[in-house]
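>>> pasting the sequence and the predicted coordinates here, then a few questions.
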Amino acid sequence: MPRYTVHVRGEWLAVPCGDAQLTVGWLGREAVRRYIRNKPDNGGFASVDDVRFLVRRCKGLGLLDHEDLLEVALEDNEFVEVVIEGDAMSPDFIPSQPEGVYLYSKYREPEKYIALDGDSLTTEDLVSLGKGHYKIKLTPTAEKKVQKSREVIDSIVKEKTVVYGITTGFGKFARTVIPVSKLEELQVNLVRSHSSGVGKPLIPERCRMLLALRINVLAKGYSGISLETLKQVIEVFNASCLPYVPEKGTVGASGDLAPLSHLALGLIGEGKMWSPKSGWADAKYVLAAHGLKPIVLKPKEGLALINGTQMITSLGCEAVERASAIARQADIVAALTLEVLKGTTKAFDTDIHAVRPHRGQVEVAFRFRSLLDSDHHPSEIAESHRFCDRVQDAYTLRCCPQVHGVANDTIAFVKHIITTEINSATDNPMVFASRGETISGGNFHGEYPAKALDYLAIGIHELAAISERRIERLCNPSLSELPAFLVAEGGLNSGFMIAHCTAAALVSENKALCHPSSVDSLSTSAATEDHVSMGGWAARKALRVVEHVEQVLAIELLAACQGIEFLRPLKTTTPLEKVYDLVRSVVRPWIKDRFMAPDIEAAHRLLLEQKVWEVAAPYIEKYRMEHIPESRPVSPTAFSLEFLHKKSPKIPESEDL
């Protein structure tokens, strides 16, 4: 028998339909009838006949015709909403689709799997899991470790041993022993009471990352969760059923309790949940629509689900991966600007950087040479000013290797910290099956990722700061020798005047966002948790800073391409012409003023999807192969503290990082 889940004024109702000839109008009336019946005051209506309403899908919000047959208009188990005429929006209304719905409308259930063992997840893997590219399964080794860990918990419960969080309360209530008959209720109460977050929910990509990362930590076998429960969590992930997790509320110790509790709340069938099939609905209905049952928590399992740094670290993974992508594309954008401003490549000479061999600096200088080497890639623009009397350029051009370089090294350092963190056990207490005991410690403290992400924000911001100054040089005719604001008929047209203002505004906002959050701490839990990391805010800030950097560089990319229009018919180097062609495939030149925001967003998406890197990278790598004695591959992903130690002979052994 087909069944539909219907939302009426904040209530979710399951409506079975036994007749294939029933209509959308019937479904709406039946849902309203059930709603009225469940309300003491009949919901304010005398009868169903008094109610006028519209019916629409939750997925996409498409309106449905009352006369259409249900079997034609809807799929079995579909989620719909009845909107009663004259109603104001319910105060607890959650839009059926999250922000950026266009990213999720194309979601297709993946066929490939990533096997998690708790030890080998990469930041790239986690971002891919967030995008819905893979499902999850456990390795056989992980399954055995989880089972052995659970045996320790079962033994503690059976023997009525007093252990924090298993047979006692939490935080200030650590000395309160809980009767065995109430241990399961203890775990449910923990999840409910700790689900205290506020703010907008995480978008599906970020919630998927959060859930995947928690699964990876549980797979390590130090949390005490049962294999049965962990497999249920994996089934929820694989069905893309994602709980409502508010983005604010964690202080980053004892772990990310509030967001992880909201995550667990959905798993036990409470609170809200989103899936591509349902949109937002009550978790129990979303789980049922995917053939899943709410998890029944055993002793310690609530604590196992909510204790750890996964909110900080999953957002940190996205931040560091996006930072890495925009950092390498920033070199390409800056090289294009240098060409337009008729700069010199002398500052990128190999010998200059060999005598100050910071790894990032050396690599950025190499990328500039690979894109601008006139012997390798003849440039008509460069040839046009070969014999000019300019000796050196402004710092924003000349010092790109030094400024961009340290941003790359910062990203590499942070990536090392985050990669370690995503494969770490961050619970409390920890279950050590080999010793047959649990030990309370402080691995849940988020100081490591918090400090690293504050550092990331500071480091990546500089790419926007220097980019904004290059945009100024492009727009200022006294510095660029190009038309003011890169447009013909200045005065009648304003060109890039306000696009530059937008870049300046974003850079200024970043300066405030770069103030570190991890220098703050507020005592919580009646002074039991008397030093915290504030890492949740560090992660969210870092992400916002990275996004602003992307947007500023998108504006510079557009401005540089517009500058080339005034140098035609001269051409730049082959790789930079390919970049120009890519931009022109989505944004046409400015002949006169037009609505500019969509063009900025189009350029932003090119950078976000790494299209600029994709077109230039083959030329960079070909140049590398032809100049192997001069350069070796250097990238943030290859960075390690071991490399720093080996390549820094002046650091004594006792001062090893």
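Nice, thanks for sending it over. This is a predicted model, so every value here is computed, not measured. Numbers count the residues shown, from 1 in each chain.
>>> quick one: the helices in the stretch 451-600 of the chain?
477-480, 497-513, 535-565, 574-584, 597-608 (DSSP state H, counting those that start in this stretch).
>>> from the chain's centroid, how far away is the shortest one?
Spelled out, that is helix 477-480. Distance of helix 477-480 from the chain centroid (Cα atoms, centre = their mean, to the nearest Å) equals 39 Å.
>>> name the helices or strands packed onto that helix?
helix 447-475 (3 or more Cβ pairs under 8 Å, 6 or more residues apart in numbering; DSSP states H and E). Using the backbone N, CA and C atoms, a C-beta is placed for each residue, glycine as well.
>>> what's the angle from the helix it packs on to helix 497-513?
With axes from the mean of the first three to the mean of the last three Cα atoms, to 10 degrees applied, the angle from helix 447-475 to helix 497-513 works out at 160 degrees.
>>> state the mean pLDDT of helix 447-475.
In this model, helix 447-475 has a mean pLDDT of 98.
>>> thinking Ala504 is in contact with Ala465, fair?
No: judged on Cβ atoms under 8 Å, Ala504 makes no contact with Ala465 at a distance of 10.2 Å.
>>> quickly list what's touching both of those two.
Shared contacts of Ala504 and Ala465 (Cβ atoms under 8 Å, 6 or more residues apart in numbering): none.
>>> still on that earlier bit, among the helices of the stretch 451-600 of the chain, which comes closest to Arg208?
Closest approach to Arg208 among those is made by helix 535-565 (15.5 Å; Cβ to Cβ).
>>> show the average pLDDT along that closest one.
The average pLDDT for helix 535-565 rounds to 98.
>>> so how far is that helix off the chain centroid?
15 Å.
>>> counting contacts, what elements does that helix pack onto?
By 3+ Cβ pairs under 8 Å, 6+ apart, helix 535-565 packs against strand 246-248, helix 310-340, helix 447-475, helix 497-513, helix 574-584, helix 597-608.
>>> one more time with 6 Å
helix 310-340, helix 447-475, helix 497-513, helix 574-584, helix 597-608 (3 or more Cβ pairs under 6 Å, 6 or more residues apart in numbering; DSSP states H and E).
>>> helix 497-513 and that helix, what's the angle between them?
Using the same axes, to 10 degrees: helix 535-565 against helix 497-513 is 160 degrees.
>>> going forward, begin numbering at 356 instead of 1
Fine by me, first position is 356 from now on; the one you just mentioned is helix 890-920.
>>> quick one: helix 890-920 to helix 929-939, angle?
Using the same axes, to 10 degrees, helix 890-920 lies at 100 degrees relative to helix 929-939.
>>> next, the angle from helix 890-920 to helix 665-695.
Using the same axes, to 10 degrees: helix 890-920 against helix 665-695 is 20 degrees.
>>> tilt between helix 890-920 and helix 952-963?
Using the same axes, to 10 degrees: helix 890-920 against helix 952-963 is 110 degrees.
>>> okay, now Leu847: neighbour count?
Here the count is done by other Cβ atoms under 10 Å, and Leu847 has 9 residues near it.
>>> excluding chain neighbours, give the residue nearest to it in space.
Here the nearest residue to Leu847 in space, its sequence neighbours aside, is Lys947; by Cβ to Cβ, 6 or more residues apart in numbering that works out to 7.7 Å.
>>> and that neighbour, backbone torsions?
Dihedral pair for Lys947: phi -150, psi 170, per degrees, to the nearest 10.
>>> run a quick neighbour tally on it.
10.
>>> quick check: which of the helices of the stretch 806-955 of the chain is nearest to Gly398?
With Cβ to Cβ as the criterion, Gly398 lies closest to helix 890-920 of the helices of the stretch 806-955 of the chain, at 39.1 Å.
>>> by mean pLDDT, which helix or strand of this protein comes out lowest?
helix 996-1001 (a mean of 38; mean pLDDT, DSSP states H and E).
>>> follow-up on the earlier one: save the helices of the stretch 806-955 of the chain as JSON lines, and put in distance to Lys627 and mean neighbour count too.
Compiled in JSON lines, those are given as follows (distance: least, Cβ to Cβ, whole Å; neighbours: other Cβ atoms under 10 Å):
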{"stretch": "helix 832-835", "distance to Lys627": "52", "mean neighbour count": "13"}
{"stretch": "helix 852-868", "distance to Lys627": "29", "mean neighbour count": "18"}
{"stretch": "helix 890-920", "distance to Lys627": "20", "mean neighbour count": "26"}
{"stretch": "helix 929-939", "distance to Lys627": "40", "mean neighbour count": "19"}
{"stretch": "helix 952-963", "distance to Lys627": "28", "mean neighbour count": "18"}
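>>> any idea how far the residue nearest the centre of the chain lies from Lys806?
Centroid check for the chain by Cα atoms, centre = their mean gives Glu673 as the closest residue, at 4.0 Å. Plainly put, Glu673 is 18 Å away from Lys806 if you go by Cβ to Cβ, to the nearest Å.
>>> nearest residue to Cys743 other than its sequence neighbours?
Per Cβ to Cβ, 6+ apart, closest to Cys743 is Lys697, 7.4 Å.
>>> surely the one you found is within a strand?
No: judged by DSSP: H, G, I helix; E, B strand; the rest coil, Lys697 forms no part of a strand; its state is coil.
>>> phi, psi of it?
According to degrees, to the nearest 10, Lys697 has phi 60, psi 50.
>>> okay but it is in contact with His740, surely?
Yes: if you go by Cβ atoms under 6 Å, Lys697 and His740 touch, sitting 4.6 Å apart.
>>> more neighbours: the two, which one.
Legend: neighbour count by other Cβ under 10 Å for Lys697 and His740, higher for Lys697 (17 against 13).
>>> and the helices in the stretch 656-805 of the chain, which stretches?
Using DSSP H, counting those that start in this stretch, helices in the stretch 656-805 of the chain cover 656-661, 665-695, 705-709, 714-727, 735-739, 750-753, 755-777, 802-830.
>>> and the longest one, what's its mean pLDDT?
If I follow you right, that is helix 665-695. Helix 665-695 comes out at a mean pLDDT of 98.
>>> buried ones in that helix?
For helix 665-695, burial by neighbour count (16 or more other Cβ atoms under 10 Å) applies to 665-695.
>>> any idea of the angle it forms with helix 755-777?
Going by the same axes, to 10 degrees, helix 665-695 makes 160 degrees with helix 755-777.
>>> who are the packing partners of helix 665-695?
Judged by 3+ Cβ pairs under 6 Å, 6+ apart, helix 665-695 is in contact with helix 478-485, helix 559-573, helix 714-727, helix 755-777, helix 802-830, helix 890-920, helix 966-981.
>>> and that helix, how far out from the chain middle?
Chain-centre distance of helix 665-695: 13 Å, with Cα atoms, centre = their mean.
>>> just the fifth one next, same as before
Mean-position distance between helix 735-739 and its chain equals 42 Å (Cα atoms, centre = their mean).
>>> could you export that helix as PDB, CA atoms only?
In PDB, the C-alpha atoms belonging to helix 735-739 read as follows (Å, rounded to 0.1, in the frame of the first residue of the first chain):
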ATOM      1  CA  GLU A 735      53.800  38.700 -27.800                       C
ATOM      2  CA  ILE A 736      52.800  40.900 -24.800                       C
ATOM      3  CA  ALA A 737      56.200  40.300 -23.100                       C
ATOM      4  CA  GLU A 738      58.000  40.900 -26.400                       C
ATOM      5  CA  SER A 739      56.300  44.200 -26.800                       C
END
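>>> which residues touch that helix?
Glu694, Ser729, Leu922, Leu925, Lys926, Thr927 (Cβ atoms under 6 Å, 6 or more residues apart in numbering).
>>> tell me the contacts of Pro614?
Going by Cβ under 6 Å, 6+ apart, Pro614 touches Gly552, Val600, Thr605, Met666.
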